[in-house]
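Student: Model the following, please.
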Amino acid sequence: MKPNFLTLKFSSSLKFLIASWLRPVSSEEYRDGLRVIALCTVTLKAELALMDLSQIGMPSERDLHTTALYLKQIKANTSLRRSARVLAKDKSQWLAYARVMECTEGLPYQTNAFLSNEEAESWLFEGLEIESRVLDDLITIPNNCNSAALRKLVQTEPAAASINKSVDITTQATIESEVLYETDFVQIAMDKQKSILLLRWLRPVESTEYKVGIQKAAYFVVELKAKKVMVDNHLIGVLTIDDQRLVTKVSIKVFSEVKLERMAVISSPDTLQQITFEKLISKIEEKVPFVHTQYFFTESEALEWLILS
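Tutor: The predicted structure is shown next:
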């Protein structure tokens with residue numbers, strides 16, 4: 001991630017996260033930014049959040065959908081009590097904000113939008129004594145942090161946490177997997193020690209190929225009693241209706257049998273694919289609510305969540 005479009009700061013004493021977008025961004029940068037904001041929100045157990053979008057311009061349709069997806073991702077694990085957005089005076093930004101809020105009804109925290117950081121902070125800190133609002137322990141968070149590095153960073157004494165402090169951002173989410181089945185269109189691997197099955201689709205597939213891959217993966221999940229699954233869909237494209245029915249039926253049966261705990265789903269930036277898989281996963285979760293599902297854009301993020309959470 002380039003360091004010049006987003007700054008992140010955190011106050012441990014107030015559990016307060018500040019995310020400031022510095023310029024208009026591409027969709028790829030926007031997704032990267034939301035990823036690290038979500039990671040910080042959940043890992044640091046932020047209770048108050050301020051997102052300054054005043055310099056970002058008008059988000060695309062894809063970015064709006066990504067925002068809704070991000071809000072749904074953190075919904076289950078969030079400690080947030082209040083989240084404030086600072087928007088430009090541009091009417092289109094306010095309309096976009098309203099649309100996202102309509103798509104994410106039922107958030108477990110209060111949200112509001114403002115024209116300035118001062119107004120936003122006043123609302124966020126409502127009821128807190130003025131002297132308690134001093135942000136003298138703010139630390140700057142590197143944009144390429146992972147959860148392990150974040151925990152290490154916030155454990156640093158405030159006096160030593162300088163704004164340019166460097167941290168070890170090498171992920172601790174390592175995996176040792178054995179390939180169980182592989183063709184030109186799918187790879188299935190397993191880390192037996194961590195009980196994680198990895199299903200990677202390598203290209204767009206025909207329905208007959210998809211059926212083979214799903215049935216093979218189902219067999220190995222049951223045979224090896226996997227407790228966690230990572231599904232990499234980013235190259236597969238959009239499933240047919242019949243394929244959606246197949247994976248829904250097989251997943252419900254298999255997940256119920258092994259009592260699967262977690263599933264990480266990697267999607268492409270394609271909006272239609274994201275919507276399709278969200279609806280599909282929702283149907284599965286209705287029948288197996290004990291499975292905790294999260295969505296990601298990269299395998300490293302998905303594995304980190306499966307291993308470290």
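
Student: Can you give me every residue that contacts the spatially closest residue to residue 205 that is not a sequence neighbour?
Tutor: Ranked by C-beta to C-beta, 6 or more residues apart in numbering and with sequence neighbours excluded, the top spatial neighbour of residue 205 is residue 185, at 5.0 Å. Every C-beta, even on glycine, is put in place using the N, C-alpha and C of the backbone. Neighbour list for residue 185: 201, 202, 203, 205, 209, 213 [criterion: C-beta atoms under 8 Å, 6 or more residues apart in numbering].

Student: Now with 10 Å, please.
Tutor: If a contact means C-beta atoms under 10 Å, 6 or more residues apart in numbering, then residue 185 has 200-206, 209-210, 212-213, 235-236 as its contacts.

Student: from these, which single one is nearest residue 229?
Tutor: Within the contacts of residue 185, the smallest distance to residue 229 is 11.5 Å, found for residue 200 (C-beta to C-beta).

Student: So that closest one: helix, strand or coil?
Tutor: Using DSSP: H, G, I helix; E, B strand; the rest coil, the secondary structure recorded for residue 200 is strand.

Student: Now do the contacts for it.
Tutor: Neighbouring residues of residue 200 by C-beta under 10 Å, 6+ apart: 179, 182, 185-189, 213, 230-236, 266, 299.

Student: Same check on residue 203?
Tutor: Contact criterion C-beta under 10 Å, 6+ apart gives 184, 185, 186, 209, 235, 236, 237 as the residues in contact with residue 203.

Student: Who wins on neighbours among those?
Tutor: Counting by other C-beta atoms under 10 Å, residue 236 has the largest number of neighbours within the contacts of residue 203, with 24 neighbours.

Student: all helices of the chain, in order?
Tutor: In chain order, the chain shows helices spanning 27-43, 61-75, 91-103, 117-124, 147-154, 207-223, 241-258, 271-287, 299-308, with DSSP state H as the criterion.

Student: can you tell me which of those helices the model trusts least?
Tutor: Here those differ in mean pLDDT, and the lowest is helix 147-154 at a mean of 65.

Student: Was I right to think residue 67 contacts residue 100?
Tutor: Yes. Counting by C-beta atoms under 10 Å, residue 100 is a contact partner of residue 67 at 5.1 Å.

Student: Could you pull out the residues contacting both of the two?
Tutor: Each of residue 59 lies in contact with both residue 67 and residue 100 under the rule C-beta under 10 Å, 6+ apart.

Student: picking up where we left off before, could you dump the helices of the chain into CSV with distance to residue 132 added?
Tutor: CSV is the format used below for those (distance: least, C-beta to C-beta, whole Å):
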stretch, distance to residue 132
helix 27-43, 22
helix 61-75, 26
helix 91-103, 29
helix 117-124, 12
helix 147-154, 19
helix 207-223, 50
helix 241-258, 46
helix 271-287, 40
helix 299-308, 32
